[in-house]
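*Asks:* Predicted structure and sequence below. I'll ask about it afterward.
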Amino acid sequence: MTRLVIVRHGNTFEAGEPPRRIGARTDLPLTATGVAQAEALARHFAANGVTFDRVLSGELQRTRRTADAIAAGQPIETAAFLTEIDHGPDEGQPETAVIERIGNDAITLWETQWIAPEGWEVGAQWRLVAWWEFVARAAETLPHGTILLVTSNGAARFALAAMGLKPGENRAGVKFRTGSYGVVEVGGGADEVVVLDVYPAREEPVGPLAGVSGLDVLRAAADRAHGKPCYWAPDLDAAERIVRGRATDGTIISTLGAGDITRLSDRLVAS
């Protein structure tokens, strides 16, 4: 199994400083407390014998400084999917002003379901694809390795979505605290794959994702499956029929993605 250690950068606000929505356009440094958090993480990993085969960070200095402290001189790769989201018109605004503009319901949807408020640029589609591709390559190239990924809170949510975690299923909700980390183990390979169609949530496909369909994903999965069965399911009903027809006692079923796919696992365990 490949182990991914996902770290949120250290503090960027001093104690008692009013919180603001800080995203990709505001390159804040770590505070003294934030530096101390990063150094504490470095000591923690060293004390537990954790070493990293690769180190990746977002582009902003708060993530790179955190990665620098932990990596102890290792080369750091920059990855766009680890860079924080863009809060649009709410960038740099105090939380009271953000709530006044978009309302508490919009904040709740973002905090619990990763649905971005109007005007925010979160890149949900390309981030999910980037996470899926990264995880697949990491499992192939470092099947027993450990990779450090340093990111920000908004961007980290898509790691959880890509791993198939529904909002609230992990113990900390969908939020990473500053200076905290989570561990995900991936790989081992699936024996069979079922692919459903993809569709936009609140964003239109852009760039290399424009026109990508579930069938394209299926073909890519089949190319990497080394002869293992890959199935096409045009909708949830078809996916449920395929999975029920293939699963036996002891079968482990993992759903990956966001949106309606979470309903499949509910349906499978409900009966």
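*Replies:* Received, thanks.
*Asks:* Can you check the pLDDT for Leu264?
*Replies:* Note on Leu264: pLDDT of 87.
*Asks:* Pretty sure Arg157 sits in a helix.
*Replies:* Yes - assessed by DSSP: H, G, I helix; E, B strand; the rest coil, Arg157 belongs to a helix.
*Asks:* For burial, what's the neighbour tally of it?
*Replies:* Residues near Arg157, counting by other CB atoms under 10 Å, number 26. Bear in mind the C-beta positions are built from the backbone N, C-alpha and C, glycine included.
*Asks:* That one is in contact with Trp114, isn't it?
*Replies:* Yes - Arg157 lies in contact with Trp114 (CB atoms under 8 Å); the separation is 5.3 Å.
*Asks:* Need the phi and psi values for Val55.
*Replies:* phi -130, psi 120 (degrees, to the nearest 10).
*Asks:* phi, psi of Leu4?
*Replies:* Dihedral angles (degrees, to the nearest 10) for Leu4: phi -110, psi 120.
*Asks:* Counting neighbours, what do you get for it?
*Replies:* Leu4 is flanked by 25 other residues according to other CB under 10 Å.
*Asks:* can you pull the pLDDT of the nearest residue to it once chain neighbours are set aside?
*Replies:* Spatial nearest neighbour of Leu4, excluding adjacent residues (CB to CB, 6 or more residues apart in numbering): Val184 at 4.6 Å. For Val184, the pLDDT comes out at 88.
*Asks:* Ala238: what secondary structure?
*Replies:* Ala238 - assigned by three-state DSSP - is helix.
*Asks:* how near is the residue most central in space within the chain to Asp266?
*Replies:* The C-alpha lying nearest the average C-alpha coordinate of the chain belongs to Ala159 (CA atoms, centre = their mean; 1.3 Å). The gap separating Ala159 from Asp266 is 22 Å, by CB to CB, to the nearest Å.
*Asks:* what's the answer for Gln125, then?
*Replies:* Gln125 is 23 Å from Asp266, by CB to CB.
*Asks:* more neighbours, those two?
*Replies:* Remark: of Gln125 and Asp266, Gln125 carries more neighbours, 22 against 10, as counted by other CB under 10 Å.
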